[in-house]
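Participant: sequence below, structure please.
(2 chains)
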Amino acid sequence: MTRVMPGPSTAAVALDLYQQIVLEHSRRPRNFRRLPDGNREGHGHNRLCGDKVTVYLRVDPDRVLAASFEATGCAICIASASLLTETVTGSSLAAAAGLADDLLNHFATADPVPLPGDLAALDGVRAYPSRVRCATLPWQTLRQALRQPEAGAPEPATTEPTS
Amino acid sequence: VSFNLDGVHPHDVGTVLDQRGIAVRAGHHCAMPVMERFGVPGSVRASFGLYNTADEVDRLLEGLALARRMFG
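Facilitator: Numbers count the residues shown, from 1 in each chain, chains lettered A, B, ... in the order given. Predicted structure coming up:
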């Protein structure tokens, strides 16, 4: 039977979106747990797709000592959150906040600066506008966690623009 | 037909199928209470019309096998 519309080869399917690092982090997420001695917490919810992310941090006055997360979401969301916890652990609060800004800007501008390290694996998401929020939700949630002086239950971060 | 691949998020299934020229709906379909009832984040929904071909059904199945290999 002849194919009306040949699909891309198996090897080429969506590999720009699902790079090996992304697939690997989604299958085996790092720091996927509640942080029992955490002192900051952010909650994120994308109401459009249903993804939910909680980011837990243990911080001293100016440094992220530990980071973890729990989430329900797609491979992109889980991988992004997993990469986030690896990247911000050990960094200063200012650097972690700056990285969240950089990543969110990266997906919001036409001509972005490259993402550092393994985070560059998320770059392929740019070509899939409907999936950008999967990648950014954990970082919106991190931002919220960093803004909270104490663990509490503020309004969940969303991927919608805030006024 | 509404379904899920065990352990694979419906949006990831949808993207892999999309890349193979198969269009499905994926997600909670604005029916969050139903998804909660079944304990799933969403579902994949394939709808067949008069114009669909057997070849397209084959490609759907191939795409599902691929998604399972990629994310399973």
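Participant: list the contacts for residue A:137?
Facilitator: A:44, A:46, A:51, A:53, A:73, A:77, A:80, A:157, A:159 (C-beta atoms under 8 Å, 6 or more residues apart in numbering or on different chains). No exception for glycine: its C-beta is placed from N, CA and C like everyone else's.
Participant: tally of neighbours for the third one?
Facilitator: The burial count assigned to residue A:51 is 26, neighbours taken as other C-beta atoms under 10 Å in any protein chain shown.
Participant: and for the fifth one?
Facilitator: Residues contacting residue A:73 under the criterion other C-beta under 10 Å number 25.
Participant: right, and it touches residue A:134 too?
Facilitator: Yes - with contacts counted by C-beta atoms under 8 Å, residue A:73 reaches residue A:134, the gap being 6.5 Å.
Participant: which neighbours do those two share?
Facilitator: A:46, A:49, A:51.
Participant: which ones are touching the second one?
Facilitator: This means residue A:49. So residue A:49 contacts A:73-74, A:133-134, B:11, B:27-28, B:42 (C-beta under 8 Å, 6+ apart).
Participant: now distance to residue A:128 too, for the contacts of residue A:137, in TSV please.
Facilitator: Listed next are the contacts of residue A:137 as TSV, based on distance: C-beta to C-beta, whole Å:
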residue	distance to residue A:128
A:44	19
A:46	15
A:51	15
A:53	19
A:73	15
A:77	13
A:80	13
A:157	21
A:159	14
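Participant: restricted to strands, list those.
Facilitator: A:44, A:53 (DSSP state E).
Participant: reformat the contacts of residue A:137 as CSV; add pLDDT and distance to chain B.
Facilitator: Below are the contacts of residue A:137 laid out as CSV (pLDDT from 0 to 100; distance: C-beta to the nearest C-beta, whole Å):
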residue, pLDDT, distance to chain B
A:44, 97, 15
A:46, 94, 11
A:51, 95, 8
A:53, 98, 13
A:73, 95, 7
A:77, 98, 8
A:80, 98, 13
A:157, 76, 18
A:159, 77, 14
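Participant: in helices, which of the contacts of residue A:137 appear?
Facilitator: A:77, A:80 (DSSP state H).
Participant: mind checking how far the residue positioned nearest the centre of chain B is from residue A:104?
Facilitator: When C-alpha atoms, centre = their mean is applied to chain B, the residue found nearest the centroid is residue B:44 (3.2 Å). Distance of residue B:44 to residue A:104, computed by C-beta to C-beta, to the nearest Å: 29 Å.
Participant: try residue B:25
Facilitator: With C-beta to C-beta as the criterion, residue B:25 and residue A:104 are 28 Å apart.
Participant: neighbour count winner among these two?
Facilitator: Neighbour totals were compared for residue B:25 and residue A:104, and residue A:104 leads with 18 against 14 (other C-beta under 10 Å).
Participant: any low-confidence regions in chain A?
Facilitator: A:1-14, A:149-155, A:161-163 (pLDDT under 70).
Participant: swap the cut-off to 80 and go again
Facilitator: A:1-15, A:148-163 (pLDDT under 80).
Participant: can you tell me which helix in it is longest?
Facilitator: Longest helix in chain A, counting by DSSP H: helix A:132-147.
Participant: ok now it, how far from the chain's centre?
Facilitator: 6 Å (C-alpha atoms, centre = their mean, to the nearest Å).
Participant: in that helix, what's buried?
Facilitator: Across helix A:132-147, burial judged by 16 or more other C-beta atoms under 10 Å in any protein chain shown covers A:132-146.
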